[in-house]
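**Student:** here's a sequence, model it:
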Amino acid sequence: MTDVMQHQLELLVLNHSALRDVLVFCADTLIFFMAAAVLATIIWRFSRVTGTLIARVAVMLAVAALFAKLLAIFIVDVRPYIAEHFLPVVPIAHDNGFPSDHVLLAMGLLVVAWWLDRRTLPFFAAATLLIMIGRLAIGAHHTVDVLGSVLIVLCAAAIASTCPFPASWNRPLMLLFSRDVASTAQH
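**Tutor:** Residues are numbered from 1 along each chain as shown. Next up is the predicted model:
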């Protein structure tokens, strides 16, 4: 069965050199800018960082990694460049294409940013969508691989959101640090 979306994006990369550079950037480099933007959001909104947030992020990442590993055992999807016998425009792994690690990470970053400051959602959602499009365009993944990654992280985030954590973990870490600094200064 042909993945029409992936194939059309692949044709764009092959036939338009300027667009190829943009899509390769989205596929391979944008994730680093997205990670830096999440780090900047954490610094900017540090007053919202709590023990509960850190625990939720840890649970989400662990559950997403577990789901990804388990599902990859049952869902084997040969990468498009291998299945269609063409050379990819950038180096791509030769392993199972399901799920997309880049999209798993992008979605995880999107959720972290959303938990910190919902106003950042449009930026991170757009970046995640561009990463998805880029991964399809360079022949690294089929549509099911990137959409599967989105669903995995959404399920993991839902599980993490429902985990009960101690109420004392809801205090901002900034308050804990300011108390430690004040007590150190007094001694």
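
**Student:** which positions in the longest helix seen in the chain come out as buried?
**Tutor:** Counting by DSSP state H, the longest helix found in the chain is helix 51-74. If you call a residue buried by 16 or more other Cβ atoms under 10 Å, then helix 51-74 has these buried ones: 51-53, 56-57, 59-61, 63-64, 67-68, 72. Every C-beta, even on glycine, is put in place using the N, C-alpha and C of the backbone.

**Student:** now the helix or strand following that helix: mean pLDDT?
**Tutor:** Moving toward the C-terminus from helix 51-74, the next helix or strand (DSSP states H and E) is helix 80-83. Confidence over helix 80-83 (mean pLDDT, whole number) is 86.

**Student:** which residues are in contact with helix 80-83?
**Tutor:** Outside helix 80-83, the residues that touch it by Cβ atoms under 8 Å, 6 or more residues apart in numbering are 3, 6-7, 10, 87-88, 92, 94, 97, 139-142.

**Student:** give me the residue at the spatial middle of the chain.
**Tutor:** The chain has residue 106 as the residue nearest its centroid, 1.8 Å off, counting by Cα atoms, centre = their mean.

**Student:** my guess is it contacts residue 133, does it?
**Tutor:** No. Using Cβ atoms under 8 Å, residue 106 is not in contact with residue 133, being 11.4 Å away.

**Student:** low pLDDT regions in this structure?
**Tutor:** Within the chain, the segments meeting pLDDT under 70 span 1, 175-187.

**Student:** could you rerun that using 90?
**Tutor:** Scanning the chain for pLDDT under 90 picks out 1-18, 47-48, 78, 80-94, 96-97, 172-187.

**Student:** now do the helices in it.
**Tutor:** 4-15, 17-28, 30-44, 51-74, 80-83, 101-116, 121-137, 143-162, 173-186.

**Student:** most packed of the ones you listed?
**Tutor:** helix 101-116 (a mean of 23; mean count of other Cβ atoms under 10 Å).

**Student:** name the surrounding residues that touch that helix.
**Tutor:** Against helix 101-116 from outside (Cβ under 8 Å, 6+ apart): 27, 31, 34-35, 37-38, 41-42, 45, 48-49, 53, 56-57, 60-61, 64, 68, 120-121, 123-125, 127-128, 131-132, 135, 140-141, 145-146, 149-150, 152-154, 157.

**Student:** taking helix 143-162 as reference, get the angle to the longest helix of the chain.
**Tutor:** Per axes from the mean of the first three to the mean of the last three Cα atoms, to 10 degrees, the angle that helix 51-74 makes with helix 143-162 is 150 degrees.

**Student:** off-centre distance for helix 51-74?
**Tutor:** 12 Å (Cα atoms, centre = their mean, to the nearest Å).
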